[in-house]
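Colleague: Pasting a predicted model and its sequence here:
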Amino acid sequence: MGENIPDAVEHRCWKESDGPRPRVHCWPRTGRPALYVRSHNRWRYAPVEARQDWADGSVVYQVAVDLRGDTTVSSRAYAWPQPGLRLAHTPGPADGYEAGAGARP
């Protein structure tokens, strides 16, 4: 039986009316955390490019993802948490990851 999980919902870009700009943390190409993004009823592996911490307390991850499975990779942003996202892996301590930071990339 297939999973009855909705596709991930993209998050819109920040705008001035949202308040202060989000604080952004970027990872180098090596040692990135990654998420699985639900798209077209399949889980797609998506390395995290950046984490945005918004003034309202929400967290948005910018990822590189092949949404259709046709090798076309694009950059997308998703609010965390949501049913259409899962943690794939976190970076290790050598990559600057804070120990004890929980299940978030």
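Modeller: Structure's in. What do you need?
Colleague: Let me see the confidence value for Gly31.
Modeller: With respect to pLDDT, Gly31 has a value of 86.
Colleague: thought it was touching Pro91?
Modeller: Yes: with contact defined as CB atoms under 8 Å, Gly31 and Pro91 form a contacting pair (4.6 Å). The C-beta positions use only the backbone N, C-alpha and C, and glycine is treated the same way.
Colleague: Could you pull up the mean pLDDT of the longest strand anywhere in the chain?
Modeller: Ranked by number of residues, the top strand in the chain under DSSP state E is strand 42-53. Averaged over strand 42-53, pLDDT sits at 96.
Colleague: where in the protein is pLDDT low?
Modeller: Low-confidence segments of the chain (pLDDT under 70): 1-2, 92-105.
Colleague: Give me the most central residue, it.
Modeller: Against the mean C-alpha coordinate of the chain, by CA atoms, centre = their mean, the closest residue is Tyr61 at 3.4 Å.
Colleague: strands paired with whatever helix or strand it lives in, and their directions?
Modeller: Element membership for Tyr61, per DSSP states H and E: strand 59-65. Here strand 59-65 has these sheet partners by DSSP bridges: strand 42-53 (antiparallel), strand 74-80 (antiparallel).
Colleague: Show me which positions of the longest one end up buried.
Modeller: For strand 42-53, a neighbour-count test (16 or more other CB atoms under 10 Å) marks 43-44, 46-52 as buried.
Colleague: The shortest one too?
Modeller: Within strand 74-80, the residues that qualify as buried are 76-80, counting by 16+ other CB under 10 Å.
Colleague: Nearest to Ala8, out of those: which one, please.
Modeller: Tyr78 (5.2 Å; CB to CB).
Colleague: Could you give the bridge partners of the closest one?
Modeller: Beta-bridge pairing for Tyr78 (DSSP bridges): Glu10, Tyr61.
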